[in-house]
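Chemist: Have a look at this fold, sequence not included:
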């Protein structure tokens, strides 16, 4: 139940993050947004740790794994922001929800979690859902969908790395090193297209940073309490929420292909976690 509550807070934060990213799309370069997001996050987390006299907790013996997590997560973030700008919000989230299935595969390879027949069937159902949504070869195929799909795989690597890190490091420590390591990456890639931002854009970036910190902190807490494949499956509840937001704020259509594809992914994720309810 505690893990479920943390995941509910996480999905609400991710939805706010998506709306903020859509508002900035086409106005502020993605790498610049990611840099400011990391900078604000690092400052806020350092201040929080200093206020609570927990700076000694910044020590870690797993700096390499933090680096791997941060790089993969940074790349996944970029792909996600690109998808938010080019695709309907619900389609981005639907494709992102292949992450639990990739996570199940990676967790079996690197964390020793069992890759059962149920999880293999879940992966196949999820891939069928992707095929229905992306529709390769059709006239309405959008290459941006593949960018989001690649981002989902990057998020899966991040999920598995986070689960491994929670065995020794606190959620705040994981978040701090993520922001600290992603900050120079964002700055280096943002410099060629750097531009001034307005006060309104700055406020949105600040809200994105807060929502991102909240989303990841809640996700890390949930991962600390339960099996990684169970936790990321609960994240599927984001899809109906963001679909409603897309319809309300941007008049985005909810197509039959999206609904059928999402249904396949939902069935796959239900299969994936069924063994936890026995």
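Modeler: Cool, got the structure. Because the structure is predicted, anything quoted here is derived from the model rather than measured.

Chemist: okay but residue 262 is in contact with residue 239, surely?
Modeler: Yes. Using CB atoms under 8 Å, residue 262 makes contact with residue 239 at a distance of 5.8 Å. The C-beta positions use only the backbone N, C-alpha and C, and glycine is treated the same way.

Chemist: Report the set of residues contacting both of those two.
Modeler: By CB atoms under 8 Å, 6 or more residues apart in numbering, residue 262 and residue 239 have these common neighbours: 90, 94, 97.

Chemist: In space, what's closest to the second one - neighbours in sequence excluded?
Modeler: Ranked by CB to CB, 6 or more residues apart in numbering and with sequence neighbours excluded, the top spatial neighbour of residue 94 is residue 262, at 4.8 Å.

Chemist: More neighbours: which of residue 262 and residue 239?
Modeler: More neighbours surround residue 262 than the other of residue 262 and residue 239, with 24 against 21 (other CB atoms under 10 Å).

Chemist: mind listing what that one touches?
Modeler: 90, 94, 97, 129, 133, 239.

Chemist: And the helices in the stretch 1-150 of the chain?
Modeler: Remark: helices assigned in the stretch 1-150 of the chain by DSSP state H, counting those that start in this stretch are 2-24, 30-51, 63-86, 89-96, 99-110, 117-134, 144-165.

Chemist: contact partners of the first one?
Modeler: Pointing back at helix 2-24 there. 33, 80-81, 84-85, 89, 92-93, 201, 204-205, 207-208, 211-212, 214-216, 218-219, 221-222, 225-226, 230-231, 234-235, 237-238, 241-242, 245, 249-250.

Chemist: could the helices of the stretch 1-150 of the chain go into TSV alongside distance to residue 179, mean neighbour count and mean pLDDT?
Modeler: Shown next, in TSV, are the helices of the stretch 1-150 of the chain (distance: least, CB to CB, whole Å; neighbours: other CB atoms under 10 Å; pLDDT from 0 to 100):
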stretch	distance to residue 179	mean neighbour count	mean pLDDT
helix 2-24	15	20	88
helix 30-51	4	19	92
helix 63-86	9	20	93
helix 89-96	21	28	84
helix 99-110	21	23	77
helix 117-134	30	19	79
helix 144-165	14	23	88
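
Chemist: looking at those helices, which is closest to residue 271?
Modeler: For residue 271, the closest of the helices of the stretch 1-150 of the chain is helix 117-134, at 4.3 Å, according to CB to CB.

Chemist: got the contact list for the closest one?
Modeler: Residues outside helix 117-134 that contact it (CB under 8 Å, 6+ apart): 91, 94-95, 97-98, 100-101, 104-105, 108, 141-142, 145-146, 149, 229, 257-258, 260-265, 267-269, 271-272, 274-275.

Chemist: any chance of the helices of the stretch 1-150 of the chain in JSON lines, with distance to residue 173 too?
Modeler: Below are those laid out as JSON lines (distance: least, CB to CB, whole Å):
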{"stretch": "helix 2-24", "distance to residue 173": "17"}
{"stretch": "helix 30-51", "distance to residue 173": "9"}
{"stretch": "helix 63-86", "distance to residue 173": "9"}
{"stretch": "helix 89-96", "distance to residue 173": "26"}
{"stretch": "helix 99-110", "distance to residue 173": "20"}
{"stretch": "helix 117-134", "distance to residue 173": "30"}
{"stretch": "helix 144-165", "distance to residue 173": "8"}
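
Chemist: Could you report the neighbour count for the nearest residue to residue 46 once chain neighbours are set aside?
Modeler: In space, and not counting its chain neighbours, residue 46 is closest to residue 176: 6.9 Å by CB to CB, 6+ apart. The tally of other residues near residue 176 (other CB under 10 Å) stands at 23.

Chemist: any idea how far residue 176 is from residue 71?
Modeler: 16 Å (CB to CB, to the nearest Å).
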